[in-house]
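Undergrad: coords please:
(one chain, ligands or ions: 2)
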Amino acid sequence: MGKRRSTPVRRAAATAYHRKIWPWVAVVAVGIVLLIAARAMRSTSATTEQSSPVSNARAPVHEMPASSQFLPTVENKARPAGPAPEGMVWIPGGEFSMSAQDPPDRNDTVGMQATADSRPVHRAYVDGFWMDATEVTNEQFARFVKATGYVTFAERTPRAEDFSGAPAENLIAGSVVFSPPDHAVPLNDHFQWWSFVNRASWRHPLGPRSSIAAQDRLPVVHVAYEDAVAYAQWAGKRLPTEAEWEFAARGGLSGNVFPWGNEFKKNGHWMANTHQGHFPDRDTGADAFTGIGPAAQFPPNGYGLYDVGGNVWEWVSDWYRPDYYAKLAATGIVARNPKGPAVPFDPDEPGEKKRVHRGGSFLCTDEYCSRYMVGTRGKGEITTGTNHLGFRCVKAPAGD
Ligand SMILES: [Ca+2]
Ligand SMILES: [Ca+2]
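TA: Numbering: from 1, shown residues only. Ligands and ions are numbered 1, 2, ... in the order given. Predicted coordinates:
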C-alpha cells in the first residue's frame, strides 16, 4: 500500500473525504446505541411501510400530499418504441415518495444519521429515461479512454504553478484507498482505514502495484465527478439526477428500506455486495465478495437495475445540501424533475463543493455505514475519487 503523502489539493481532497464521514464515525463511537437505533428503524419500517402495486396510470402533477408518509409509486405509462440502448433498461418515471423513512415517533439519529439529510418524505416526479443496468465497468471505461485519450483527475500530476510553495515531492498524482488495518481499531479514527495513495487510479485501484487485469466486469473506481461526466458525454448519456436515481432504485416499490424490500436478506439470500464481519479490519465476504465485486452478481431490482444498493457508491448530478429535501417539501407542490440546489453547501465543510452520492458500497455495514438503504444519501467533494465510488449513466428517450 502506498504511503500517505499528498499535495495540498490532494491532501485537501483526502481530508475532505475523511471529514465527510466524520459524523458517521463519531456516531459509531456509540455503536451499540446505533445498532439498536438502526434495527429499531428497520423493525418500524418493516411493519409500517408497504410495498405498493405499480399503477399504469400516468400521475397527475398535483399539490404535495399533506402526509409525510410514503404513498404509492405511480408510473408513467408511455414507453419509447424500439429496442433499449445496449446495456440500458427503461425507467418509466412518474410520481413517487422520495427520502428515507421518518421514524413515526422520533426525529433522531437513526441508522448512523443516515436519514438526517433525507427528510422529510416528499413527493417528486421524474420523466422516463433509459438507465445503465449496471455500474460503469472497467471494460466500458477503458473503451472511453482508448477512444479519447482521456486522463482522469487522479492520474494528473498537480502543476507547480497551480500550487505555489508546495514542495515538489508533494506534487504527486493519486487517490484515496481503503487500507484496512489487520486488527480492530477505534471507529472514531478514519485515518486507520483511509489513505491517500500515490498513483492510485482507476488503472491501479489499490496503488501502482495493483492492476485491473482480468477485472473487466468490476465497476470503474477512482473517478472524480468530472471524469464521470466526461465518460457520459462520450457515451451520449449523462449522469442521473438524484431524483431519477432514487425513482429508478426503488424499482416501482414505495417506502421500502432496501431496493428489493424491507428485509436485508430476502428469503435468506444476499441481495447486495456489502460488508460483513468486523469493520474495518475483517470483511468475511459472507455475501461471496470480500471488497469490490463484478457488476450484476446479485438479483436486479424491479426495473432490472443491478447493484443500486452496495458494491460502489454512485455519483449523481445534484449538488449537495442537507436541507434540499426540506425546501422541496416546503413548496407544497410535487417537485417536478428536480435537479438539486443551485449551489452546494455542506455546513460541516462550507468551503467544499460536494455532489450527492447514492447507494452505499461494499464497505457499508449496519455497524458503520448503512447507506445501502435506498432512501439515504451520501456526499463527496467533486475531485475526490476513492476505490468504492463509481457511477452509472442515463439517457433520454429518442425525440426528447
Ligand atoms: Ca461483500
Ligand atoms: Ca452501486
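
Undergrad: alpha carbons only for contacts and neighbour counts from here, please
TA: Fine.

Undergrad: what's the distance between whatever residue of the stretch 51-200 of the chain ends up closest to ligand 2 and Ala329?
TA: Proximity of the stretch 51-200 of the chain to ligand 2 (Cα to the ion) peaks at Glu135, 6.4 Å away. The gap separating Glu135 from Ala329 is 30 Å, by Cα to Cα, to the nearest Å.

Undergrad: compare the two and say which is more crowded by neighbours.
TA: Remark: of Glu135 and Ala329, Glu135 carries more neighbours, 29 against 21, as counted by other Cα atoms under 10 Å.

Undergrad: so which strand or helix has Cys364?
TA: For Cys364, there is no host helix or strand (DSSP states H and E).

Undergrad: so it touches Gly277, yeah?
TA: No: using Cα atoms under 8 Å, Cys364 is not in contact with Gly277; the gap is 10.9 Å.

Undergrad: quick check: next helix or strand after the helix or strand of the chain with the lowest mean pLDDT?
TA: Lowest by mean pLDDT, DSSP states H and E among the helices and strands of the chain is helix 31-48, with a mean of 31. Sequence-wise, the next helix or strand downstream of helix 31-48 (DSSP H and E) is strand 74-75.

Undergrad: residues from the stretch 201-350 of the chain in reach of ligand 2?
TA: Within the stretch 201-350 of the chain, the positions near ligand 2 by Cα under 5 Å from the ion are 307-308, 310-313.

Undergrad: Glu95 reaches Val126, doesn't it?
TA: Yes: contact criterion Cα under 8 Å: Glu95 and Val126 qualify, at 6.7 Å.

Undergrad: what about Val374, distance to Ala160?
TA: For Val374 relative to Ala160 (Cα to Cα), the value is 42 Å.

Undergrad: of the two, who's got more company?
TA: Val374 (29 against 13).

Undergrad: show me what contacts the closest residue to that one other than its chain neighbours?
TA: Leaving aside its sequence neighbours, Val374 sits nearest to Phe258 (Cα to Cα, 6 or more residues apart in numbering; 5.0 Å). Phe258 sits next to 250, 264, 309, 372-374 when contact means Cα atoms under 8 Å, 6 or more residues apart in numbering.

Undergrad: partners of Phe258 in the sheet?
TA: Gly261 (DSSP bridges).

Undergrad: need the phi and psi values for the closest residue to Glu381 other than its chain neighbours.
TA: Excluding its sequence neighbours, the residue lying closest to Glu381 (Cα to Cα, 6+ apart) is Lys354, at 4.2 Å. In terms of degrees, to the nearest 10, the main-chain angles of Lys354 are phi -120, psi 150.
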